[in-house]
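[1] fold the following and give me the result.
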Amino acid sequence: MTNLPLYNQAGESVGTQEANEKVFGLSKLNAPLVHQIVTAMLANKRNTVASTKTRGEVRGGGKKPWQQKGTGRARVGSIRSPLWRGGGIMFGPRPNRSFGRKMNKKAKRGVMLQILSERVREGKVMLLENFALPAGKTKELVAAIKTLSAKVENFGRNILFVVAGKDENLQRAARNLPNFLLTRADNLNLLDLLTADRIIVLKEALPILEKAVLKEKK
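    So this is what the prediction gives:
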């Protein structure tokens, strides 16, 4: 089993906690596979905003500019031809374009386990024995984070805080903190793990996290 460092809310070390070796104890990191899954996830998040109009969508141009023959000029059917200024666009970006990529579920799950294990090796994962904000104030949360960062080496700036379930006080306190991301253990995101400098997991959320990433049946 892998042992994770365990702290209390005051930042004092209270020992270690055994964690599942299959989740936090993998020894190899498949970097090409991680890159493949991460780029696919970013592509699936991409929002298509660029849009151009074809000649059928540009306003105007319903009347033929001049007669077909006899003028000595090139034949034209509409002033909204792509060849004309102000006309439609050929092969331009369209809003229905999709950048999505398919991902193998087993590969994505494997990458999640590899990243969790890598974060443990880097010393970026810690457990909290308990955590409470009685008033649900942002200043309470900021003070608690400052206390932890003063006691824990290389604490980092971007924090991923993993809880077991819904906590209204913590949600209210964390709303206005730009570098603090609150997530449930059964809704862990791979991109959040990669961008976090410090991953804090409540002790009660650990078994839920392990069960979620391993896809164990209830």
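[2] contacts and neighbour counts: CA atoms only from here.
    Will do.
[3] secondary structure class for the most far-flung residue of the chain relative to its centre?
    No residue in the chain sits farther from the centre than residue 70, which is 63.3 Å out by Cα atoms, centre = their mean. Secondary structure, DSSP: H, G, I helix; E, B strand; the rest coil: residue 70 is coil.
[4] for residue 107, phi and psi?
    In terms of degrees, to the nearest 10, the main-chain angles of residue 107 are phi -70, psi -40.
[5] what does the one 4 residues further on give?
    For residue 111, the backbone dihedrals are phi -70, psi -40 (criterion: degrees, to the nearest 10).
[6] which one is it nearest to, not counting chain neighbours?
    residue 34 (5.8 Å; Cα to Cα, 6 or more residues apart in numbering).
[7] and the one you found, how many neighbours?
    19 (other Cα atoms under 10 Å).
[8] wait, it sits on residue 113?
    No. Between residue 34 and residue 113 there is no contact under Cα atoms under 8 Å: 10.7 Å.
[9] picking that back up, any idea which helix or strand carries the residue nearest to residue 111?
    Taking DSSP states H and E as the definition, one finds residue 34 inside helix 31-45.
[10] for that helix, packing partners?
    The contact analysis (3 or more Cα pairs under 8 Å, 6 or more residues apart in numbering; DSSP states H and E) places helix 31-45 against helix 105-121.
[11] tell me the pLDDT of the residue farthest from the centre of the chain.
    With respect to pLDDT, residue 70 scores 95.
[12] how close does it get to residue 76?
    13 Å (Cα to Cα, to the nearest Å).
[13] please apply the same query to residue 215.
    Residue 215 is 63 Å from residue 76, by Cα to Cα.
[14] which of these two has more neighbours?
    Ranked by neighbour count (other Cα under 10 Å), residue 215 and residue 76 place residue 76 first, with 15 against 11.
[15] so how far is residue 54 from the more buried one?
    17 Å.
[16] over to residue 23?
    Residue 23 sits 52 Å away from residue 54 when distances are taken as Cα to Cα.
[17] what about these two, which has more around it?
    Neighbours were counted for residue 23 and for residue 54 using other Cα under 10 Å; residue 23 has more, 21 against 17.
[18] distance of the nearest residue to the more buried one once chain neighbours are set aside relative to residue 80?
    Excluding its sequence neighbours, the residue lying closest to residue 23 (Cα to Cα, 6+ apart) is residue 113, at 5.2 Å. Residue 113 sits 55 Å away from residue 80, going by Cα to Cα.
[19] list the contacts for the residue most central in space within the chain?
    The centroid of the chain falls nearest to residue 191 when counting by Cα atoms, centre = their mean (4.1 Å). Residues in contact with residue 191 (Cα atoms under 8 Å, 6 or more residues apart in numbering) are residue 38.
[20] domains in this structure, by residue range?
    2-29+102-214, 47-98 (automatic domain parsing).
[21] a markdown table for those, including distance to residue 40?
    Output for those, formatted as a markdown table (distance: least, Cα to Cα, whole Å):
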| stretch | distance to residue 40 |
| --- | --- |
| domain 2-29+102-214 | 7 |
| domain 47-98 | 12 |
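[22] which stretch among the ones you listed is buried most, on average?
    domain 2-29+102-214 (a mean of 17; mean count of other Cα atoms under 10 Å).
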